[in-house]
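Undergrad: next input, structure requested:
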Amino acid sequence: MAVLRTTTTMMLRHFSQPSMFFLPSSPTSLFRSTAGITIRCAASDSGSGGKKVSARLSQVNQLLQEAEERALSADNLPAPKITLDHVTVSFARSGGPGGQNVNKLNTKVDMRFNVKNAYWLSDRIKERILQMEKNRINKDGELVISSTRTRTQKGNIEDALEKLQAIIDAASYVPPPPSEEQKKKIAKMAAIGEQKRLKSKKVLSDKKAFRRTRDSWD
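TA: As a prediction, this is how the structure comes out:
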């Protein structure tokens, strides 16, 4: 069961950027339909007359639905490009390669990019950057990128811009929605894992019930 749960979680991470397939929330239905797929909800066969829905299956359901909605609402435009007009640059003494010039020239680049004030980025991309790079954003909302890769200011500016552009490209990417085959596989694994969980729970319940009977006293 642990292997099934781990594998299902790994597959779902690919679609969620945080998606699981959509199951109607009707509490009296014994079958849940998902984008043309019908799977049996294990939790509906036990408990309070089929009205209980597994929290894990509901989570899978919600994640797949969010992945599909995110993919459908995403535009097909290329990732925005960042330029020097969008950042603030400062220089300092570099500790990187450069021989004697290390202690003489200010070749280190500190590039600051204010994410919240980036009007040219969509709200989705800005929120994604704030989430991805939260450990590198200061109290003023600036994403700070440093570069000491080359011996010149120009080279380090270009390197820092490339790093920022890579972050924007990653934040702009929206994974495609799960295919029908992937949905079926996730549904099957989630259902099997849920059935095993309920079976283990029933065995433990029966064991406790037996311990409370007189027959167990002997």
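Undergrad: quick check: which element contains residue 124?
TA: helix 123-132 (DSSP states H and E).
Undergrad: residue boundaries of the strands in the protein?
TA: 31-34, 37-40, 88-92, 108-114, 142-147 (DSSP state E).
Undergrad: could you identify which of those strands has the lowest mean pLDDT?
TA: Lowest mean pLDDT within those: strand 31-34, a mean of 38.
Undergrad: thinking residue 107 is in contact with residue 147, fair?
TA: No - assessed by CB atoms under 8 Å, residue 107 is found out of contact with residue 147, at 9.3 Å. (Glycine included, C-beta is placed from N, CA and C.)
Undergrad: was I right about residue 115 contacting residue 143?
TA: Yes - using CB under 8 Å, residue 115 is in contact with residue 143, at 5.6 Å.
Undergrad: overlap of the contact sets of those two?
TA: Contact with both residue 115 and residue 143 is made by residues 129, 137, according to CB atoms under 8 Å, 6 or more residues apart in numbering.
Undergrad: ok, which stretches of the protein are helices?
TA: 2-15, 55-73, 123-132, 153-172, 180-211 (DSSP state H).
Undergrad: which among these is found nearest to residue 82?
TA: helix 153-172 (5.2 Å; CB to CB).
Undergrad: so what touches that closest one?
TA: So helix 153-172 is contacted by 79-84, 87, 89, 91, 94, 106-109, 111, 113, 121, 125, 128-129, 132-133, 143, 145-150 (CB under 8 Å, 6+ apart).
Undergrad: okay, buried residues for stretch 153-162 please.
TA: By neighbour count on 16 or more other CB atoms under 10 Å, the buried set for stretch 153-162 is 153, 156, 157, 158, 159, 160, 161.
Undergrad: ugh, wrong one, stretch 176-186
TA: For stretch 176-186, by 16+ other CB under 10 Å, it's 177, 178, 182, 183, 184, 186.
Undergrad: was I right to think the first one contacts residue 63?
TA: No - under the criterion of CB under 8 Å, residue 177 makes no contact with residue 63, lying 11.6 Å away.
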